Each structure stands twice: as C-alpha cells, then as structure tokens.
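>>> no sequence on this one, just coordinates:
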C-alpha cells in the first residue's frame, strides 16, 4: 500500500494559500517534505501539521504556540489528556489577551466619541 503524497501546488490549492506560505512553514520546521529531485513531496504528516498550523494562525496564535502544540503530537510520552490540557491553556491565555484588547478598543472608541462630541460642541459655539 502506498501512502498519499501531495505536491506544494496541490497543498496550496487545497488550503487556499500560496506555495510561499508553505515554504515559510517548512523554514519554521512545521512541515518537512521529502525530495524527489528538485520537487518537494509532502506526506500525510506534513499535510496534518500544515492544517493545524493554519488553524492556529486563524485563531491568532503565536507561531511559537502553534509549533509547541503541533510538536506535542510527535513527542514521546505525551498523552491525549496532556495535549488537550496544554491546548486549553493556550486557548485560555489567548482569550484573555483578546478580551483585554477588546476592552482597550472599547475604551479608545469611547475616548474618540468624547473628543468628537467636544469638537462638535466647540464648532456649534462658533457658528
């Protein structure tokens, strides 16, 4: 039985990304294709790791967090429960950061609204 393989173009099409993005993840050690001459050959492990990296990116995770989470699946001795606990911790930290940013944005928007109101008031006084 032969295992499935993909070219860089096939993965780029499947995930709607550029080959350059895939090469970036290769440079970062997230995927490590074999070579057939000058061509990269991606295996199921590479495809799965790329899929997980792209999911982490969509969630806004740091590259280091993405790599740690992906590498856990290859590490010896890690149980699924340990992996899930680490993933949960990363998600919780990220959620807290996003909630803090949301509050900062709300505070800034309120400040802008106050400044706009003050400018309008001053303009009305001059009219």
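In hand now; what should we look at? Not measured: the values here are computed from a predicted model.

>>> In stretch 52-69, which of the residues would be classed as buried?
Within stretch 52-69, the residues scored as buried using 16 or more other Cβ atoms under 10 Å are 53, 54, 56, 61, 65, 66, 67, 68, 69. For every residue, glycine as well, the C-beta is placed using N, CA and C.

>>> Now do the domain split for this protein, please.
Per automatic domain parsing, the domain ranges recorded for the chain read 1-59, 76-127.

>>> List the contacts of stretch 97-114.
By Cβ atoms under 8 Å, 6 or more residues apart in numbering, the residues outside stretch 97-114 that reach it are residue 60.

>>> one step back: looking at the domains of the chain, which is buried most?
With neighbours defined as mean count of other Cβ atoms under 10 Å, these peak in mean count at domain 1-59, which reaches a mean of 15.

>>> So for that one, mean pLDDT?
Mean pLDDT, computed over domain 1-59, is 93.
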